[in-house]
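**Student:** got a predicted structure plus its sequence, pasted below:
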Amino acid sequence: MTEQHREQAIEVLKNILHVLHEKRYEDLPSCVDEMKWNDPEEIRECVQGTLEINGLDTFDEYGVPCNFHPQYAYHHEATFYEYRDGSGFAVDYELTSGGELVYLTLQLEFLYENGGLKSIFRTIDPQ
């Protein structure tokens, strides 16, 4: 993975986190090339439901500092997993709200395609 590919993936991640922060779940498909989780109502129920159950207002945008202890348990950055076959990589990002973990992981996939990257929104998965 090149540094340029990494930066492109971070930019997609930032856009998704911005949409989640603003609770504009219906705009998620515009952040990526493909959605594997296509049901906007299911996304809203899962994401908004997690916030409400935990008494949280909204998800943090990318780069918001975490304010919980011990901080070593969370790196507050995207974790990249390169595919062995060289076809691309996956990205996991642990979501936070108010600097606290909410125990949901945003999972993205990036495939090398025609010299560029195809971005795929896989899911938001409970930890």
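**Tutor:** Looks like it arrived, so ask away.
**Student:** check contacts around the most centrally placed residue in the chain.
**Tutor:** For the chain, the residue nearest the mean C-alpha position is residue 106 (3.6 Å; C-alpha atoms, centre = their mean). Applying C-beta atoms under 8 Å, 6 or more residues apart in numbering, we find residue 106 in contact with 13, 16-17, 92-95, 124. C-beta coordinates here come from the backbone N, C-alpha and C atoms, glycine included.
**Student:** tell me the secondary structure at residue 41.
**Tutor:** What DSSP: H, G, I helix; E, B strand; the rest coil gives for residue 41 is helix.
**Student:** what distance do you get for it to residue 34?
**Tutor:** Distance of residue 41 to residue 34, computed by C-beta to C-beta, to the nearest Å: 19 Å.
**Student:** and residue 44, by the same measure?
**Tutor:** Separation of residue 44 from residue 34 (C-beta to C-beta): 19 Å.
**Student:** quickly list what the closest residue in space to residue 117 that isn't next to it in sequence is bridged to.
**Tutor:** Once flanking residues are discounted, residue 117 sits nearest to residue 110: 4.8 Å by C-beta to C-beta, 6 or more residues apart in numbering. In this entry, residue 110 is beta-bridged to residue 89, residue 119, by DSSP bridges.
**Student:** specify the residue positioned farthest from the middle of this protein.
**Tutor:** Relative to the C-alpha centroid of the chain, counting by C-alpha atoms, centre = their mean, residue 114 is the outermost residue, at 24.0 Å.
**Student:** report the helix or strand with the lowest average pLDDT across this structure.
**Tutor:** The helix or strand of the chain with the lowest confidence, counting by mean pLDDT, DSSP states H and E, is helix 40-53 at a mean of 80.
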